[in-house]
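In: Sequence unavailable; structure follows:
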């Protein structure tokens, strides 16, 4: 079945039917209705056909570092919300948190002809990111990279970490430990949101003359659990823990609960991302809101612009975080 | 670049290179190594090429009702774990919870040439499910449907609900309310896991001579919050709530906490799915384990078998749930 059959069934010219399918200027509402009816009656699949005709698949690939982190659905909601009234579909590539998985997934997405990619906190090299972005329109989320070939949407992670340290210090805490996502690669240390967040913590602690105390695990529930256990095994227990992500704080809470410690009575705890989990009644976690929905909206908008015009100058959007104080932080005993 | 270039670069015949690419019988390990090296050195993309040659895309589409429900990552882990050593990639279609979104997403997946589909708790009609399954190998997860054309993997939701009612009744509860996912369509009432779960609750309550008390919202955090508010607004408060899913229990906890009620002192609470969230220290939610990882493993295995042999008889796998009692359930005051 081709557009010729659709046009014949609709009783319009092939040119007119094509205009409707391309959402082109100059197709009247009546014409659109006729062609849409014919498409439905015939069960015609314009996108499948369009792929052959124009090389587009109307598919946006989104690469996720972790499907268990409750922050990412906020970003995805922003992306799907922005694309809702377009012809584009979002397909997610789940749980890539290392270069090999990322390479396989992004290769697969390119091979499947995706029209654009949103990469959330990718760890691959800048060279690979650029190669990818030259092949297919790409927006990078979270990572503080800069390139002429892809757009970025980031949160000001330095400021976010400072907000947490300032909040805890103003409550009277002097010994504030931080659980970070382990990172050794120099480029990632400069660019990954987790590393920038740890750096913001370091700067804020130095600025207040406080000693830095960092535990390196991962941005997972398990990483939070292990991190808290390491912290609790020390001779001197901190009075507050700044977990680099809410998902990390989830693991910390379990470890503290197992150790018989109360939050915030025995120890204060702050997370990052302001997920639904943080807002949950019995948790009520102090966190940093980096506006995930807004990040997703901006990423999708930039991607659509780049798909429409591959030569447009690259944009870097940086959003400002805000602190959301809740019940897990209080003055130390 | 074609397979001819790969064969030339590897110094083997085109037939031999093709055998390696098809994973066909009769290619020696040495031959495989040579061809693999040539593929890497040339940056050749066998899958992209294979699509054209053999009509396969090596892509499995997974349809998710909700990316925020922490149960689904367990299923996805099972699927991706099983597919890890194959050539298949998993792409997720996020948050389909109505027939229109499902139709759009599954059409999109078919149009993009996916080799197989895993549909998690689809709400579409049986007729549409069968049409889809005749077009592309399909495994349905969660929904208690039966067809000659697709395989199913379900949890014994009736038994799961009975386990919860029995547990609460044995603790001494007589007034046990249930929060269900609202459902009106007759086919869905018979087949959707949420409806079967509500039915299991009804049967177990009747069997014990207890009065049924059901609130209909949705299997979301918001649905649990609203459901609990409705329950608390009643003249007689139940002594226990059975939330149809852990995500629902999350919302219930927030509403109870806002109302100043303690769990389990003022009211007991049980969930369903035994998610990471349920196991979390400060939550410690009594729940039903339906072995999400196992469900995913079985679904992926069935799908691979069906892709290999479209004519094999349809299989229905039903898994048995177990109760995981934790701290949110206790005898009533």
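Out: Good, I have the coordinates. Computed from a predicted structure; not experimentally measured.

In: which residues sit against stretch A:3-10?
Out: In this structure, residues lying in contact with stretch A:3-10 by CB atoms under 8 Å, 6 or more residues apart in numbering or on different chains are A:13-14, A:16-18, A:21, A:34-35, A:37-39, A:41-42, A:44, A:46, A:49. Yep, even glycine has a C-beta here, placed from its N, CA and C like the rest.

In: can you narrow those residues to ones near chain B?
Out: Under the cut-off given by CB under 8 Å from any CB of the partner chain, chain B has nothing from the contacts of stretch A:3-10 close to it.

In: Lowest-confidence one in the residues you listed?
Out: The lowest pLDDT within the contacts of stretch A:3-10 belongs to residue A:49, which sits at 47.

In: Residue A:188 and residue A:223, how far apart?
Out: As for residue A:188, its distance to residue A:223 is 16 Å (criterion: CB to CB, to the nearest Å).

In: Quick check on the two: which one has the bigger neighbour count.
Out: Regarding residue A:188 and residue A:223, a neighbour count based on other CB atoms under 10 Å in any protein chain shown identifies residue A:223 as having more, with 24 against 18.

In: That one against residue A:217, yeah?
Out: Yes - counting by CB atoms under 8 Å, residue A:223 sits close enough to residue A:217 to count as a contact (3.7 Å).

In: quick one: the strands in chain A?
Out: Counting by DSSP state E, chain A has these strands, from start to end: A:59-63, A:89-93, A:116-120, A:138-141, A:151-155, A:176-181, A:214-217, A:240-243, A:268-270, A:287-289, A:316-319, A:322-324.

In: so of these, which one's packed in deepest?
Out: Compared across the strands of chain A, strand A:240-243 shows the largest average neighbour count, a mean of 31 (mean count of other CB atoms under 10 Å in any protein chain shown).

In: May I have the strands that pair with that one, each with its orientation?
Out: In the sheet containing strand A:240-243, the strands it pairs with under DSSP bridges are strand A:176-181 (parallel), strand A:268-270 (parallel).

In: sorry, back to before: as JSON lines, the strands of chain A with mean pLDDT would be great.
Out: Rendered in JSON lines, the data for the strands of chain A read as follows (pLDDT from 0 to 100):
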{"stretch": "strand A:59-63", "mean pLDDT": "94"}
{"stretch": "strand A:89-93", "mean pLDDT": "93"}
{"stretch": "strand A:116-120", "mean pLDDT": "97"}
{"stretch": "strand A:138-141", "mean pLDDT": "98"}
{"stretch": "strand A:151-155", "mean pLDDT": "97"}
{"stretch": "strand A:176-181", "mean pLDDT": "98"}
{"stretch": "strand A:214-217", "mean pLDDT": "98"}
{"stretch": "strand A:240-243", "mean pLDDT": "98"}
{"stretch": "strand A:268-270", "mean pLDDT": "98"}
{"stretch": "strand A:287-289", "mean pLDDT": "98"}
{"stretch": "strand A:316-319", "mean pLDDT": "96"}
{"stretch": "strand A:322-324", "mean pLDDT": "98"}
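
In: mind giving me CSV with those and columns for distance to residue B:267?
Out: Putting the strands of chain A into CSV (distance: least, CB to CB, whole Å) gives the following:
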stretch, distance to residue B:267
strand A:59-63, 40
strand A:89-93, 37
strand A:116-120, 39
strand A:138-141, 41
strand A:151-155, 39
strand A:176-181, 34
strand A:214-217, 36
strand A:240-243, 30
strand A:268-270, 26
strand A:287-289, 27
strand A:316-319, 40
strand A:322-324, 28
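
In: Measure how buried residue A:26 is and give me the count.
Out: With neighbours defined by other CB under 10 Å, the count for residue A:26 comes to 9.

In: Okay, the nearest residue to it once chain neighbours are set aside and chain B: tell me how far apart.
Out: Distances taken as CB to CB, 6 or more residues apart in numbering or on different chains place residue A:19 nearest to residue A:26, at 6.0 Å, with adjacent residues excluded. Between residue A:19 and chain B the distance, using CB to the nearest CB, to the nearest Å, works out to 21 Å.

In: now swap in residue A:299 and tell me
Out: The spacing between residue A:299 and chain B, counted by CB to the nearest CB, is 15 Å.

In: show me the contacts for that residue.
Out: Taking CB under 8 Å, 6+ apart, one finds A:75, A:78-79, A:118, A:139, A:141, A:151, A:153 in contact with residue A:299.

In: Then residue A:282?
Out: With contacts taken as CB under 8 Å, 6+ apart, residue A:282 has the following neighbours: B:253-254, B:257, B:263, B:282-283.

In: Report the buried members of the contacts of stretch A:3-10.
Out: Buried members of the contacts of stretch A:3-10, scored by 16 or more other CB atoms under 10 Å in any protein chain shown, are A:16-18, A:21, A:34-35, A:38-39, A:44, A:46, A:49.

In: ok, which pair from the residues you listed is furthest apart?
Out: Greatest spatial distance in the buried ones among the contacts of stretch A:3-10: A:34 and A:49, 18.0 Å, computed using CB to CB.

In: ok, which stretches of chain A are helices?
Out: A:3-10, A:14-21, A:29-42, A:46-54, A:72-83, A:99-111, A:126-135, A:157-171, A:186-191, A:193-207, A:221-232, A:246-258, A:276-279, A:292-308 (DSSP state H).

In: Could you export the strands paired with strand A:240-243 as a markdown table, including distance to residue A:290?
Out: Putting these into a markdown table (distance: least, CB to CB, whole Å) gives the following:
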| stretch | distance to residue A:290 |
| --- | --- |
| strand A:176-181 | 15 |
| strand A:268-270 | 14 |
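
In: Can you list the buried residues in stretch A:185-205?
Out: A:187-188, A:191-202, A:204-205.

In: what mean pLDDT does that stretch have?
Out: 96.

In: ok, and what's touching it?
Out: Contacts of stretch A:185-205 with the rest of the structure, by CB under 8 Å, 6+ apart, involve A:121, A:123, A:125-126, A:142-145, A:154-155, A:157-162, A:164-166, A:176, A:178, A:180-181, A:183, A:211-212, A:214, A:219, A:242, A:244-245, A:272.

In: Report the buried members of these.
Out: In the contacts of stretch A:185-205, burial by neighbour count holds for A:121, A:123, A:142-145, A:154-155, A:157-162, A:164-165, A:176, A:178, A:180-181, A:183, A:219, A:242, A:244-245, A:272, counting by 16+ other CB under 10 Å.

In: Return the residues in contact with residue A:310.
Out: Neighbouring residues of residue A:310 by CB under 8 Å, 6+ apart: residue A:137.

In: pretty sure residue A:213 is in contact with residue A:180, am I right?
Out: No - counting by CB under 8 Å, residue A:213 does not reach residue A:180; the two are 11.0 Å apart.

In: Residue A:91 is in contact with residue B:89, isn't it?
Out: No - shown here, residue A:91 and residue B:89 do not form a contact pair, counting by CB under 8 Å, at 10.1 Å.

In: could you redo the contacts of residue A:299 as JSON lines and give each row distance to chain B?
Out: Compiled in JSON lines, the contacts of residue A:299 are given as follows (distance: CB to the nearest CB, whole Å):
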{"residue": "A:75", "distance to chain B": "10"}
{"residue": "A:78", "distance to chain B": "12"}
{"residue": "A:79", "distance to chain B": "9"}
{"residue": "A:118", "distance to chain B": "12"}
{"residue": "A:139", "distance to chain B": "17"}
{"residue": "A:141", "distance to chain B": "16"}
{"residue": "A:151", "distance to chain B": "22"}
{"residue": "A:153", "distance to chain B": "19"}
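
In: right, and out of those residues, which lies closest to residue B:26?
Out: For those, the nearest to residue B:26 is residue A:118 (42.4 Å; CB to CB).

In: Go through the residues of the stretch 101-250 of chain A and report the one nearest to chain B.
Out: When you check the stretch 101-250 of chain A against chain B by CB to the nearest CB, the closest residue turns out to be residue A:111, at 3.9 Å.

In: Can you report how many residues lie near that residue?
Out: Taking other CB under 10 Å as the criterion, the count of residues near residue A:111 is 19.

In: now, among the contacts of residue A:299, which is nearest to residue B:288?
Out: residue A:75 (30.7 Å).

In: who touches the closest one in this structure?
Out: Taking CB under 8 Å, 6+ apart as the contact definition, residue A:75 lies against A:120, A:141, A:292-293, A:295-296, A:299.
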